[in-house]
Each structure stands twice: as C-alpha cells, then as structure tokens.
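Enquirer: Predicted model, plus sequence, below.
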Amino acid sequence: LSRAATGIAGAAQASVEGFNANLKALAYANLAIRRTPAGSSANAELADLRDQLIDQIAGQTDVSVTVAADGSAILTRAGATLVADGKSAVLALTVAADGRLSFAQTFDAAVSVYSPSGGTIGGVTTSANIVADRRVAFDTLASDFATALNSWHGGGRTTGGASGTALLDASGGAITIAALVTDPAQVAAADTGGTSNGNMIMLSGVRTASGVENQWAALVATHAQVTASARTDETRSSARKDTADAARDMVEGVDLDREAADLIRFQQAYEASARVIQIAKETVDTILRMF
C-alpha cells in the first residue's frame, strides 16, 4: 500500500502538470482566436484546437465551459475561474505523509483550495484517499490482533509457572508488527489450574464475532463494493460522454450526406465550367483558322 500511494502521487503530479499545460495552451488559443478573422480557415483551425483542449481538460477534471461571441472559451469550476481571456490558472499539488492529496489553485494572484471531482485528477485523489483509509484499517487490525493475543496469552502460565507476557508488538502499525516471544518455553500454554495445554485450548475463544477475522471480512467486502461502484460510475460516465458527443455533433458537426451531395454538385459545376471554356476555345480556334 505504501508503494501504491507513491505511485498514485506520481500519477497525480503528472496529471497536474498536463492539466496546467492544457490550461495555458487554451489561454493562448483564446488570444489567437481573437486575432484571426471570423470565418477564415485559420480561425476554424484554432476553434478545433480550442475544442480539443477543452476535451482534454474535461477528461482531467469536471469543468463548466462558456464560449464567448468572439470564439474564446471561459472555463470555470465550482465558481473558480480556470481560463479567461489570455490568463490561465495554475494548480499545485501537496502530498501528505499518509499519501492523501490536496490542491491549491492560483488565478491572477488569487489562491483558492481546489477539490477535484471527476476525471483523472479526481480519480487519483479518490484512490489516494482509499489507500490511506486502508492503511489505517490495517493498522487497526494489527493493533486489535496484537491486543487479543496478548490478552489471551497473559491469562496463561509458562512451563515454569510464570504469567504469559505480550506475544506481539504492533505499536508501529501493521508494517512493523513483530513477535516478542521466540522461546517456546516462554509460551503460556498452561492455564492457572495447572493443565499443561489448558490455555492453548482457550485460544479458540479469541475468534469472536467482533474479532479480527470478521473485521478483515468486512474490510474486503467494503473494498469490493467500492470497486463495483467505481466500475458502475465508469460505465455511466462513458454513456454520458457518448451522449454529449452525439449532441454536440448534431449542432456543430459535419453532415456527411450533405457534404457528399455538395461535393457532387461542385464537381458537376466544375465539369460544366470546364466544358464551356473548352467550347469557347474551340470556337476561337475555328474563327482564327477561317482567316
């Protein structure tokens, strides 16, 4: 889990750098769109670039988009501006000791807390939080396991008649759990009545309904539910994206049937014009030959 947290932090940093680069590129595209004549091929190419950048940014986190009359795009999120005019926000990442991620957004010298949701940045943030929660849960399991075994062992007697000492040390969490008793003679297998295996027989009593095993089963079930929920969200988000793309194409996309009909019409018009020119040339040649 520690290695997973490190990998998630690296992925988050890469996502933030890509996000900042896309915001900056969109701000430059806004300025360029304003400087090119509307309806020109250069303006159309810049508009395509603008839309591509917006798609990439929307894949990194959820945003609201407004396209101004001059073709420039304004991006906001939760009331905070990401791109406006020729300016863009800068996102900064902070990784806590437990691997949790936090973000700060700076736009035009104003700094605000950024809480991502959706997209790759929201995904790595959720993953980092889940890993941190699981590490806490494992530490709790280790502590409960050590406490249960130490309590059981303390109720028994060694072969020499001494009370059992602590078997495990989990004070440093699950990753440092260690056995404190390595000599079999120090294992308190006997009970207080003198039965040599009396306390060992009582070990099964540690497995209670609220014990470590059931806590572990609950942890696995919870993680399975989180995984299933994430897959459902992915399917739902993909469906929404496909619907949104189809709706956008209906408004500003290319109608292939109409374009094909126009292509045939233009081709026929060209052929007709070429024929007129050819006939005119032949007529002039005929007249010239007469003289």
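Expert: Perfect, I can see it now. Owing to the predicted nature of the structure, the values given are computational and were not obtained by experimental measurement.
Enquirer: Quick one: the strands in the stretch 151-291 of the chain, in order.
Expert: Assigned by DSSP state E, counting those that start in this stretch, the stretch 151-291 of the chain shows strands spanning 168-169, 178-179.
Enquirer: tell me the mean pLDDT over the first one?
Expert: pLDDT averaged over strand 168-169 equals 94, rounded to a whole number.
Enquirer: related to what we said a few turns ago, tell me which of the strands of the stretch 151-291 of the chain sits most buried.
Expert: strand 168-169 (a mean of 16; mean count of other CB atoms under 10 Å). Where you see a C-beta, it was placed from the backbone N, CA and C, and this is true even at glycine.
Enquirer: what's next to it, contact-wise?
Expert: By CB atoms under 8 Å, 6 or more residues apart in numbering, the residues outside strand 168-169 that reach it are Phe145, Ala146, Leu149, Asn150, Thr176, Ile177, Ala178, Ala179, Leu180.
Enquirer: let's see it at 7 Å
Expert: Ala146, Leu149, Asn150, Ile177, Ala178, Ala179, Leu180 (CB atoms under 7 Å, 6 or more residues apart in numbering).
Enquirer: got it, and stretch 113-121?
Expert: The list of residues contacting stretch 113-121 from outside it, by CB under 7 Å, 6+ apart, reads 12, 15-16, 19, 59-62, 91, 103-105, 122, 125.
Enquirer: Type out the ChimeraX command that picks the buried ones from these.
Expert: Remark: buried members of the contacts of stretch 113-121, expressed as a ChimeraX selection using 16 or more other CB atoms under 10 Å:
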select :12,15,16,19,59,60,61,91,103,105,122,125
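Enquirer: So, low pLDDT: which residues of the stretch 101-250 of the chain?
Expert: In the predicted model of the stretch 101-250 of the chain, residues 249 satisfy pLDDT under 70.
Enquirer: which residue ranges form the helices in it?
Expert: Residue ranges of the helices in the stretch 101-250 of the chain, as given by DSSP state H, counting those that start in this stretch, are 119-154, 198-201, 212-252.
Enquirer: could I get the second one in CSV with only the CA atoms?
Expert: The C-alpha trace of helix 198-201 is given here as CSV (Å, rounded to 0.1, in the frame of the first residue of the first chain):
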residue,chain,number,x,y,z
GLY,A,198,-5.4,-25.5,29.2
ASN,A,199,-4.7,-22.0,28.0
MET,A,200,-3.9,-23.3,24.5
ILE,A,201,-7.3,-24.8,24.3
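Enquirer: Redo the strands of the stretch 151-291 of the chain as JSON lines? Include distance to Val284.
Expert: Shown next, in JSON lines, are those (distance: least, CB to CB, whole Å):
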{"stretch": "strand 168-169", "distance to Val284": "108"}
{"stretch": "strand 178-179", "distance to Val284": "105"}
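Enquirer: And the ones you listed: which comes nearest Ser41?
Expert: strand 178-179 (71.1 Å; CB to CB).
Enquirer: In its sheet, which strands sit next to the closest one, and in what direction?
Expert: The pairing partners recorded for strand 178-179 under DSSP bridges are strand 168-169 (antiparallel).
Enquirer: Alright, I will stop here.
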